[in-house]
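**Q** From the sequence below, what's the structure:
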Amino acid sequence: MTTLMPLILGVTTGLYLFLFSLVLLSMMVRDRRLVERRLRELVREDLAHDRPVKIKRTQRNRLPASQALANELITADIRMRPEEFLVIWILLTLVPASLLFLMNVHIITILGAALIGGGLPPYWIRNRKAKRLIKFEAQLSEAMVMVGNCLRSGLTFQQAMTNIANEMPDPIGREFSRVVREINLGGSVDSALNNLAERVKSMDLNLAVSAIQIQRQVGGNLLDLLENISETIKDRIKIKNEIRVMTASGRSSGMIIGTLPLGLAGVLMMINPDFIQSFFNTQIGIGMLITGAVMETIGFLMIKKVVSIKY
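**A** Alright, predicted model coming up:
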């Protein structure tokens, strides 16, 4: 009987993960089927009266947490639905921990694997957001210059944004193509620009959008305004790069302080899990863990405060 226990646990865990994935995938497919059904109803028109058939609103409202995750995925340019990302997130958390459990690994190692698997997707989103934001801000000054050149040649502001969407690479080309699509679908220029600023979340872009909207309301020379914005963005990028170079050692120290204890604990979990378990068996060990965690957090926050310069 004892020899069959790992096999029974393996089959049970596999069935559990399979059924759980099916439930989440069915939730994703349901939204897609609703959209397809509404599109089919849109195609059917009452030709005798020359008017479209009335369609009931069947769109399922998202929870606030799901909408927040969808916004994060859009900002990071991850082309996934929130449900699909949640499936990957849950599988990364459960599958390694389940495999280690079937291998009769120590419970501390299993918890460590679950924590690492659960922390990888948020880290991936944050890393992609940071890289995409840096690339977008580096292209923004050139985009403002292109808008000014288009206006000098007699094009409108909307046509200038279309040129940015067609001629500039990602990410700024893709973002401005979304702006152009929103305007073509009936949205106003101000609302499309506000949505762009909300998606990208860049201080430089907020400055440009605010200046353009004020000019559209009160009037003025848009060419001079765009030239000033372009120069301001270039100066801000220059200062930002200088600050990044000056604070490189401090940021490296904060990264080492934050990751070294966790990495060392992970290695000890794999090599000698009983040694880590001994800290949880006594009050002195628990107190040492709490004290170390508090001191590590204070040190990390202090270094982050020093290297985070507002400008």
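**Q** can you map out the strands along the stretch 1-150 of the chain?
**A** 45-46, 51-52 (DSSP state E, counting those that start in this stretch).
**Q** which of the residues in stretch 291-310 are buried?
**A** F300, I303, V307 (16 or more other C-beta atoms under 10 Å). All C-beta atoms are positioned from the backbone trio N, CA, C, and that covers glycine.
**Q** Helices along the stretch 51-200 of the chain, start to end?
**A** 64-75, 82-102, 107-152, 157-167, 172-184, 189-200 (DSSP state H, counting those that start in this stretch).
**Q** tell me what the second one is packed against?
**A** So the one you mean is helix 82-102. helix 5-43, helix 64-75, helix 107-152 (3 or more C-beta pairs under 8 Å, 6 or more residues apart in numbering; DSSP states H and E).
**Q** hey, C-alpha coordinates of that helix in CSV?
**A** Extracted in CSV, the C-alpha atoms of helix 82-102 (Å, rounded to 0.1, in the frame of the first residue of the first chain):
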residue,chain,number,x,y,z
PRO,A,82,-6.4,38.2,-17.6
GLU,A,83,-7.8,34.7,-17.3
GLU,A,84,-5.0,33.3,-19.5
PHE,A,85,-2.4,35.0,-17.3
LEU,A,86,-4.1,33.7,-14.2
VAL,A,87,-3.9,30.2,-15.5
ILE,A,88,-0.2,30.5,-16.1
TRP,A,89,0.3,32.1,-12.7
ILE,A,90,-1.6,29.4,-10.8
LEU,A,91,0.2,26.6,-12.7
LEU,A,92,3.6,28.1,-12.0
THR,A,93,2.7,28.2,-8.3
LEU,A,94,1.1,24.7,-8.0
VAL,A,95,2.9,22.5,-10.5
PRO,A,96,6.5,22.8,-9.1
ALA,A,97,5.3,22.5,-5.5
SER,A,98,3.2,19.5,-6.4
LEU,A,99,6.1,17.7,-8.1
LEU,A,100,8.3,18.4,-5.1
PHE,A,101,5.6,17.1,-2.8
LEU,A,102,5.4,13.8,-4.9
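**Q** low-confidence ranges in this protein?
**A** Scanning the chain for pLDDT under 70 picks out 1-65, 311.
**Q** Mark out where each domain of it begins and ends.
**A** For the chain, automatic domain parsing gives the domain ranges 11-36+62-130, 135-237, 248-307.
**Q** Ends of the last one, what's the gap?
**A** Just to be clear, that refers to domain 248-307. Start-to-end span of domain 248-307 (C-alpha to C-alpha, to the nearest Å) is 8 Å.
**Q** Would you pull up how far it lies from the middle of the chain?
**A** Chain-centre distance of domain 248-307: 27 Å, with C-alpha atoms, centre = their mean, to the nearest Å.
**Q** start at 23 instead
**A** Okay, using 23 as the starting number, the last item reads as domain 270-329.
**Q** mind listing the strands in the stretch 223-333 of the chain by residue range?
**A** So, for the stretch 223-333 of the chain - with DSSP E, counting those that start in this stretch - there are no strands.
**Q** Which parts of it are helices?
**A** 225-240, 244-268, 270-293, 295-303, 305-329.
**Q** Tell me which of those helices lies nearest to M168.
**A** Go through those one by one with C-beta to C-beta and the one that ends up closest to M168 is helix 244-268, at 9.5 Å.
**Q** So which elements touch that closest one?
**A** Looks like helix 244-268 contacts helix 129-174, helix 225-240 (3+ C-beta pairs under 8 Å, 6+ apart).
**Q** Now do the contacts for the closest residue in space to N217 that isn't next to it in sequence.
**A** Using C-beta to C-beta, 6 or more residues apart in numbering and skipping residues adjacent in sequence, the residue nearest N217 is E204, 6.6 Å away. Neighbour list for E204: S213, A214, N217 [criterion: C-beta atoms under 8 Å, 6 or more residues apart in numbering].
**Q** Please pick the buried ones from those residues.
**A** A214.
**Q** now, which of the contacts of E204 sits nearest M225?
**A** Nearest to M225 among the contacts of E204, with distances taken as C-beta to C-beta, is N217, at 17.0 Å.
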